[in-house]
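K.L.:
Structure, please.
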Amino acid sequence: MSNIGDNSVVDKSAALKDAYDMGKREGGGAAARAAFYTTLVQWAKEKRIDVSNSEEMWDNFDKGAAAGAAMVGGLKASAKPEETRKVRVSETRQFIKMGGNPYIDGCEVMDRAMAIIKKARLEGRVKSKPTDCMLNVARAQNKDEQNPLDDDTIEAVIQPESTPDKIEADMLARVIIELDRTMKKHGESDDVLSARACVEQRIQALGGTTKSRKAAAAIAAKKGSGRK
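P.N.:
All right, here's what the predicted structure looks like:
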């Protein structure tokens with residue numbers, strides 16, 4: 001299904017103004033980019049905007065940021081402004097695509113992600129910028145459009161040390177959940193059982209899921225503490 005919605009001129013105009021205002025607050029010192037990205041997901045879900053609006057959304061936000069920063073001497077100039085703009089437009093598109101996905105509730109996923117990111121940063125487990133973590137979540141969700149990311153997968157993708165193996169294992173774990181649901185609804189079959197075994201074998205080869213690694217680490221720590 002297409003991410004191109006039926007956004008009206010009025011809705012898009014209002015969104016563009018909001019993007020400008022948020023950018024102005026960012027330039028004035030408030031951390032508005034995280035709020036902007038979250039709001040992009042909401043606007044796309046509401047069909048106020050779609051992926052075709054990515055460039056003008058970012059450009060309006062950027063103009064607002066420049067206006068907001070004018071009172072304190074302006075924004076720090078990028079060494080390569082065109083490349084920076086290209087990256088930001090691409091990021092903007094990821095959040096709009098996530099919100100416009102009709103198969104999942106992008107706002108619900110991002111709300112959970114924000115809570116997980118906040119907790120991880122408070123506990124010192126993540127040093128990355130919130131916006132970088134959010135972008136990792138949006139990209140991961142857009143790679144699996146049919147299923148909302150679960151908390152373990154979100155936890156994995158926001159970790160700077162996350163490896164492709166860990167992310168793959170967490171996503172494969174969700175495949176097992178879906179296969180189990182299929183068997184519960186339609187009964188077991190040799191083909192599905194064989195597929196499940198292959199997926200499980202791959203997860204083990206990758207070193208296990210984030211959840212299983214945490215559990216193993218907790219058990220090891222408990223045993224180590226008991227020996228003291």
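
K.L.:
From here on, just use CA atoms for contacts and neighbour counts.
P.N.:
Will do.

K.L.:
ok, now how distant is the residue nearest to the spatial centre of the chain from Gly64?
P.N.:
Geometric centre of the chain, nearest residue: Val137, 1.8 Å, by C-alpha atoms, centre = their mean. Using C-alpha to C-alpha, to the nearest Å, Val137 is found at 26 Å from Gly64.

K.L.:
same deal with Lys184?
P.N.:
Taking C-alpha to C-alpha, one finds Lys184 at 53 Å from Gly64.

K.L.:
who's more crowded, these two?
P.N.:
Gly64 (24 against 10; other C-alpha atoms under 10 Å).

K.L.:
State the three-state secondary structure for that one.
P.N.:
helix (DSSP: H, G, I helix; E, B strand; the rest coil).

K.L.:
helix or strand for Lys184, which one?
P.N.:
Secondary-structure assignment from DSSP states H and E places Lys184 in helix 164-186.

K.L.:
tell me which residues in the helix or strand following that helix are buried?
P.N.:
As assigned by DSSP H and E, the chain's next helix or strand after helix 164-186 is helix 190-205. Neighbour counts over helix 190-205 (16 or more other C-alpha atoms under 10 Å) mark Arg196, Val199, Glu200, Arg202, Ile203 as buried.

K.L.:
by contact count, what packs against helix 190-205?
P.N.:
Where contact means 3 or more C-alpha pairs under 8 Å, 6 or more residues apart in numbering; DSSP states H and E, helix 190-205 is packed against helix 164-186.

K.L.:
chain center to the helix it packs on: distance?
P.N.:
Helix 164-186 has its C-alpha centroid displaced from the chain centroid by 19 Å (C-alpha atoms, centre = their mean, to the nearest Å).

K.L.:
likewise stretch 103-110?
P.N.:
The answer for stretch 103-110 is 10 Å, by C-alpha atoms, centre = their mean.

K.L.:
which outside residues touch it?
P.N.:
With contact meaning C-alpha atoms under 8 Å, 6 or more residues apart in numbering, stretch 103-110 is reached by 38, 41-42, 45, 98-100, 134, 137-138, 145-149.

K.L.:
try stretch 142-162
P.N.:
Residues from elsewhere that reach stretch 142-162 (C-alpha under 8 Å, 6+ apart): 94, 97-98, 101, 103-106, 109, 112-113, 116-117, 125-128, 132-134, 136-137, 140-141, 166-167, 170-171, 210-211.

K.L.:
Quick check: buried residues in that stretch?
P.N.:
Asn142, Glu145, Asn147, Pro148, Leu149, Thr153, Ile154, Glu155, Ala156, Val157, Ile158, Gln159.
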